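S.K.: Quick one, fold the following:
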Amino acid sequence: MRWFAGAGSLALVVVVGVLLRGGLTAGAGADRDAAAGQALYARSCAPCHGTGAKGDGASAAGFATKPADLTDGRLVNRLPDELFVRVIMDGGPAMGLAPTMPPFRGNLNEDQARQIVTFLRTLAQPAFRPEMAGPLVTPAHAPLQPIFFNHVIHAGSFQIPCQHCHADARRGAAAGLPSVQRCMGCHVIIGAQDNPEIRKIHDYWNRRQSIPWVRVFKVPEFTYFPHKPHVRAGVECQTCHGPIERMPRVGADRLGHFIPDDLINLIRTRPIVRPLTMGWCVDCHRERNARKGMKAPLDCVTCHH
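M.R.: Down below sits the predicted model:
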């Protein structure tokens, strides 16, 4: 027994040592990446974004829209690393931003872009923590919309509440879409002069036309799904629609049913997708009733009356 206890203690020491060594190695690697990123930033980014990344570089003095203050943690801490990398590599239009941010693909590789992002993370105030920014979500069936409305910017960075744009959700069956006038409430000024996507909003406004958004989520015609009671019960939009705040282009997780769905259900593993099927909805009602003591209806006529 003494030998067993001694061996266990030795193993514990070894494990702790490996973990500490791994943490120190990771920390040293991050420091090296930040230092390399700082040099790359000074060479490629500082002329427009400024030496302190506050958007006050000399080359951007004539821009209609001033470059973002990349040290403002309130705005940048929630943005995924991948968004920054895509903007650096493919330019602002890749994420629906102004083309005054040019692509650096050919001058930088993706590893170098990530080093720049690592450096920028060290400048954020309040300080950045990795858990603040989840990864980008790119649904396979996200349709192209008439305007590239990037939810990562609006809902993720600026924290615009869903119901600011989808105001009918709390009082009706459908969530509704924002009017062009509501979009113009912000974009009559913001990005109006140098962003082609925002210019499209102005074009619809000047023509007095609504924006022909492509519908993404839809339940069958024989099903009645009212948003109002779900919103009032505190059901988050992401429960059914997924992490919208991390989707550059919004799409359903999956359209239709596939054989893997049956295999996942067969081994009794909770699906990672939101199929928006009757069984999925009923399971959600049952879970909330059991876990939160709610009274979500389970009878057929609630949705099929």
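S.K.: quick one: contacts for the spatially most central residue of the chain?
M.R.: For the chain, the residue sitting closest to the mean C-alpha position, by C-alpha atoms, centre = their mean, is R246 at 1.2 Å. Applying C-beta atoms under 8 Å, 6 or more residues apart in numbering to R246 gives the contacts P80, G134, P135, L136, V137, H151, V152, G156. Placement of C-beta: from N, CA and C, glycine included.
S.K.: Mind checking which of these are in helices?
M.R.: Here DSSP state H is the test, and those give H151 as lying in helices.
S.K.: Show me the two of the contacts of R246 that sit farthest apart.
M.R.: By the measure C-beta to C-beta, P135 and H151 form the most distant pair in these, at 14.4 Å.
S.K.: In terms of neighbours, single out the busier of the two.
M.R.: Shown here are P135 and H151; by other C-beta atoms under 10 Å, H151 has more neighbours (21 against 11).
S.K.: Next, work out how far apart the more buried one and F104 are.
M.R.: Here the criterion is C-beta to C-beta, to the nearest Å. By it, H151 lies 25 Å from F104.
S.K.: Equivalent analysis for V117, please.
M.R.: V117 is 13 Å from F104, by C-beta to C-beta.
S.K.: So if I had to pick from these two, which one is more boxed in?
M.R.: V117 (24 against 19).
S.K.: tell me which element the closest residue to the more buried one other than its chain neighbours is part of?
M.R.: With sequence-adjacent residues excluded and distances taken as C-beta to C-beta, 6 or more residues apart in numbering, V117 is closest to F84, at 4.6 Å. Using DSSP states H and E, F84 sits in helix 81-90.
S.K.: so which of the contacts of R246 comes closest to A98?
M.R.: V152 (15.6 Å).
S.K.: give me every residue that touches the closest one.
M.R.: L79, P80, L83, M95, L136, E245, R246, M247, P248 are the contacts of V152 under C-beta under 8 Å, 6+ apart.
S.K.: what do you get for S157?
M.R.: L75, V76, R78, L79.
S.K.: what's the neighbour count on the last one?
M.R.: Under the neighbour criterion other C-beta under 10 Å, L79 is assigned a count of 23.
S.K.: I'd like to check which residues are in contact with it.
M.R.: A133, V152, G156, S157.
S.K.: that older thread, tell me, what's touching V117 and F104 both at once?
M.R.: Common neighbours of V117 and F104 (C-beta under 8 Å, 6+ apart) are I88.
S.K.: which element follows the helix or strand of the chain with the lowest mean pLDDT toward the C-terminus?
M.R.: Lowest on mean pLDDT, DSSP states H and E among the helices and strands of the chain sits helix 259-266, with a mean of 49. Per DSSP H and E, helix 259-266 leads on to helix 278-292 as the next helix or strand towards the C-terminus.
S.K.: Flag the shaky bits of this protein, pLDDT-wise.
M.R.: 1-26, 253-273 (pLDDT under 70).
S.K.: Between the contacts of R246, which sits nearest W280?
M.R.: The closest of those, once distances to W280 are taken by C-beta to C-beta, is V137, at 18.7 Å.
S.K.: Before I go, just wanted to say thanks for your time.
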